[in-house]
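Engineer: Okay, here's the prediction I keep looking at, along with the sequence it came from:
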Amino acid sequence: MSPDQLSELRIFFVRIEPRLPQAIATMYGRFLDAVPEARLLFKGNLEEQQRHFLRMLQEIVRHTRSTHLWPVHAFTGTQSIPSIDNLGRIHSCKGVIPEYFDKMKAMLVQCFREHCPNEFNQAAEEGLGFIFDVLAKASTNTCEISAEEIAHKNKLPRLEETQKQVSFASFFGAQVQEEAS
């Protein structure tokens, strides 16, 4: 992911944050219609799953806070962000396959184009695509990896945890807020 893509992705999320829950809900509906067998992967309340997805997306985007690239190997897609490794392992153990990430990415891009056509530009789309591609790679055949083998514990919010919602704008600071205006 280039520094420009990082910047555009941060600006995009600051600008559209109030519309994110609606876009996520639309994406979930379309994803589950397109991949009905994936319904079995979603246990419990679907609205809570959507809120959890939004919290995880927010945390992942927050990993883009610095202006340098993510530490990812170009050819393998292997990254050194422990929380992403753990998230990939969790998805792998639940039966999530990389194709589901591709489909969900396509649905989310479509929703963002519809819900936020003026804000969702090519660089933000490429940045979002990068995130989904890294997660897809991280979930490939990693179920056998024990939690102890992962460098750090998962830093992303868990479904059962309640966390204070922090806005993208407050997290990224005044510079991104000014760029978003």
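Structural biologist: Arrived safely.
Engineer: C-alpha from now on. contacts and neighbour counts both.
Structural biologist: OK.
Engineer: Can you tell me the SS state at Asn118?
Structural biologist: Look at Asn118: counting by DSSP: H, G, I helix; E, B strand; the rest coil, its state is coil.
Engineer: quick one: pLDDT of it?
Structural biologist: Per-residue pLDDT puts Asn118 at 92.
Engineer: Okay, Glu99 and Asp33: tell me how far apart.
Structural biologist: Per Cα to Cα, to the nearest Å, Glu99 is found 15 Å from Asp33.
Engineer: same check, this time on Arg19
Structural biologist: As judged by Cα to Cα, Arg19 and Asp33 stand 22 Å apart.
Engineer: Point out where this protein drops to low pLDDT.
Structural biologist: Scanning the chain for pLDDT under 70 picks out the ranges 1, 63-86, 141-166, 171, 173-177, 180-181.
Engineer: now the helices for it?
Structural biologist: Remark: helices assigned in the chain by DSSP state H are 3-16, 20-34, 46-62, 82-94, 98-115, 122-138, 168-172, 174-180.
Engineer: tell me the contacts of Lys94?
Structural biologist: Neighbouring residues of Lys94 by Cα atoms under 8 Å, 6 or more residues apart in numbering: Leu41.
Engineer: Is it correct that Met104 is in contact with Gly29?
Structural biologist: No. Using Cα atoms under 8 Å, Met104 makes no contact with Gly29, being 10.4 Å away.
Engineer: Looking at the two, which one has more neighbours?
Structural biologist: Comparing Met104 with Gly29 by other Cα atoms under 10 Å, the one with more neighbours is Met104, at 20 against 13.
Engineer: can you pull the contacts of the residue lying closest to that one once chain neighbours are set aside?
Structural biologist: Spatially, and ignoring its direct neighbours in sequence, Met104 is nearest to Phe31 (6.0 Å; Cα to Cα, 6 or more residues apart in numbering). For Phe31, the contact set (Cα under 8 Å, 6+ apart) comprises Lys103, Met104, Met107.
Engineer: ok, now Asn121?
Structural biologist: By Cα under 8 Å, 6+ apart, Asn121 lies in contact with Glu8.
Engineer: Next, work out how far apart Ala169 and Leu6 are.
Structural biologist: 15 Å.
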